[in-house]
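> Based on what follows, work out the 3D shape:
(one chain, ligands or ions: 1)
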Amino acid sequence: MVDKVLLAEPRGFCAGVEMAIKALTWMVQVFEPPVYCYHEIVHNAAVVAAFERAGVIFVDDIDDVPVGRPIMLSAHGSAPEVVTAAQDRAAVMVDAVCPLVTKVHHEVKRMAGKGYDIIYVGHDGHDEAVGAIAEAPEAAQLVDPRIGLDTFTGGEDGRVALLAQTTLGLYEWEDVLSSAQSQFPELWTARKSDLCYATTNRQQAIQRLAERADLLLVVGSENSSNTQALVRVGSNAGVPAYRIDGPEGIDQEWLDNARVVGVTAGASAPDQRVQKVIERVNPHDGVELVRVTEEDEYFPLPPQLRRFMQTLQALVEGGFACRTPGQEGPVELDRHTSATEALSILGV
Ligand code: SF4
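Below you'll find the model as predicted:
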């Protein structure tokens, strides 16, 4: 019998995922199905399944989208040629890339433009890494943190920049950084790491849980990079840590050997799944919130969608005084709506 659940705060949805889920929810409400989405909108099986039920078709090739259909591009960021192809093909193209991923795309372009060879630390084949490297494939090389710098060729003139996927484990990034600094003393890197606030906050929170828990459960999907990083951070702290999609993934034996269970969730995992996990663990003495910091980041809906909704609204209102001056419309109200609420409309 488990005595207590320690629940990490922050956990689950980050501002980028919030924005992307709400944007796609708007798309399925405004357009007749199917709406197309290039790559999984976020790396979470429950979220993807909910959108598929609502009429979204996920594709890995823009050529699979019939001309004239609405398209959304995922939160992980897309290669420039994908963005152009989607613009050419779609009636409405909405790019739901997270602004923090866009920042890394800009850095790749800028440093390549200055003649630097770029070490991009990321996981081979991950959508975010593929999109970022495509900004300057002649200059940027993927360095998988599990392999290290051995695969990197370049930097003969000493001009080397180090950039990274936003969702790595902090320890993975630091390991490559320290070898790169010894190999290239003039190494350029972003003032802070490219790891985003959500990644680092969730990793700090699981470390705090690990100080007191006998078992760590990380809710999130297998292809979610930041979820996998949380599991590794938990295991590195010496506590058995398991990734689960939801309560069905829990092995009773894990609970038989634990009194205090730490629960957290990757940045794309819905809180509905977390609550179901807690119900399944059924702690005798209840749940204690373990908060490491407050998060209040908010990313507005993508500009293409804001413009489209504002135009649509102006047409619907048709000059009639449907709203009093200063009254908020759906775009402004977005700030007060959560992705968890949006997903409950879709039955998650
Ligand atoms: S994990 Fe970070 S970079 Fe990725 S979508 Fe969330 S806020 Fe953006």
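> Tell me how far residue 149 lies from residue 125.
19 Å (Cβ to Cβ, to the nearest Å). Just so you know, the C-beta spots here come from the backbone N, C-alpha and C atoms, and that holds for glycine as well.
> no no, residue 168
14 Å.
> These two - which one has more neighbours?
residue 168 (29 against 10; other Cβ atoms under 10 Å).
> Which residue does the stretch 201-348 of the chain have closest to the ligand?
residue 267 (4.1 Å; Cβ to the nearest ligand atom).
> Same question for the stretch 151-300 of the chain.
Closest point on the stretch 151-300 of the chain to the ligand, by Cβ to the nearest ligand atom, is residue 196, at 3.2 Å.
> pLDDT value on that residue, please?
For residue 196, the model assigns a pLDDT of 95.
> now do residue 122
We have a pLDDT of 96 for residue 122.
> So it sits against residue 129, correct?
Yes - counting by Cβ atoms under 8 Å, residue 122 touches residue 129, with 3.4 Å between them.
> Quickly list what's touching both of the two.
Listed as contacting both residue 122 and residue 129 by Cβ atoms under 8 Å, 6 or more residues apart in numbering are 142, 165.
> which residues in the stretch 201-348 of the chain form helices?
225-236, 252-256, 271-281, 303-317, 330-333, 339-345 (DSSP state H, counting those that start in this stretch).
> now the stretch 51-200 of the chain
Secondary structure of the stretch 51-200 of the chain (DSSP H, counting those that start in this stretch): helices located at 80-89, 99-113, 127-133, 170-183, 197-210.
> Out of these, which one sits most buried?
Sort these by mean neighbour count, taking mean count of other Cβ atoms under 10 Å, and helix 127-133 sits at the top with a mean of 24.
> pLDDT score for the nearest residue to residue 153 once chain neighbours are set aside?
Excluding the flanking residues, the one nearest residue 153 by Cβ to Cβ, 6 or more residues apart in numbering is residue 141, at 7.3 Å. Among the per-residue scores, residue 141 holds a pLDDT of 98.
> Next up, the contacts around residue 141.
Here residue 141 is in contact with 117-120, 133, 151-154 (Cβ under 8 Å, 6+ apart).
> rerun at 7 Å
By Cβ atoms under 7 Å, 6 or more residues apart in numbering, the contact set of residue 141 is 118-120, 152, 154.
> Residues of the protein that sit close to the ligand?
Residues of the chain found near the ligand (Cβ under 6 Å from any ligand atom) are 14-17, 75, 98, 100-101, 166-167, 196, 198-199, 226, 267.
> Report the buried members of these.
By neighbour count, with 16 or more other Cβ atoms under 10 Å, the residues of the chain next to the ligand hold 14-17, 75, 98, 100-101, 166-167, 196, 198-199, 226, 267 as buried.
> care to break the protein down by domain?
4-13+197-291, 15-98+319-345, 99-189 (automatic domain parsing).
> To residue 307, which of the ones you listed lies closest?
Shortest distance between residue 307 and the domains of the chain, using Cβ to Cβ, is found for domain 15-98+319-345: 9.2 Å.
> thinking in terms of the whole chain, how far from its middle is that closest one?
15 Å (Cα atoms, centre = their mean, to the nearest Å).
> Residue 42 versus the spatially closest residue to residue 306 that is not a sequence neighbour, what's the distance?
Closest residue in space to residue 306, ignoring its immediate chain neighbours: residue 331 at 5.1 Å, by Cβ to Cβ, 6+ apart. With distances defined as Cβ to Cβ, the gap from residue 331 to residue 42 amounts to 21 Å.
> Likewise for residue 238?
30 Å.
> Those two: who's more crowded?
Applying other Cβ under 10 Å to residue 238 and residue 42 shows that residue 42 carries more neighbours, namely 29 against 8.
> which SS class is that one?
coil (DSSP: H, G, I helix; E, B strand; the rest coil).
> and the residue lying closest to it once chain neighbours are set aside, how many neighbours?
The shortest distance from residue 42 to any non-neighbouring residue, by Cβ to Cβ, 6+ apart, is to residue 268 (3.9 Å). By other Cβ under 10 Å, 31 other residues sit near residue 268.
> residue contacts, residue 268?
Per Cβ under 7 Å, 6+ apart, neighbours of residue 268: 17, 42-44, 47, 220, 224.
> least trustworthy helix or strand in the chain by mean pLDDT?
helix 330-333 (a mean of 76; mean pLDDT, DSSP states H and E).
> Residue 82 is in contact with residue 93, correct?
No - counting by Cβ atoms under 7 Å, residue 93 stays clear of residue 82, with 10.4 Å between them.
> And the strands in the stretch 1-150 of the chain?
4-9, 35-38, 56-59, 71-73, 93-95, 117-121, 140-143 (DSSP state E, counting those that start in this stretch).
> Alright, I will stop here.
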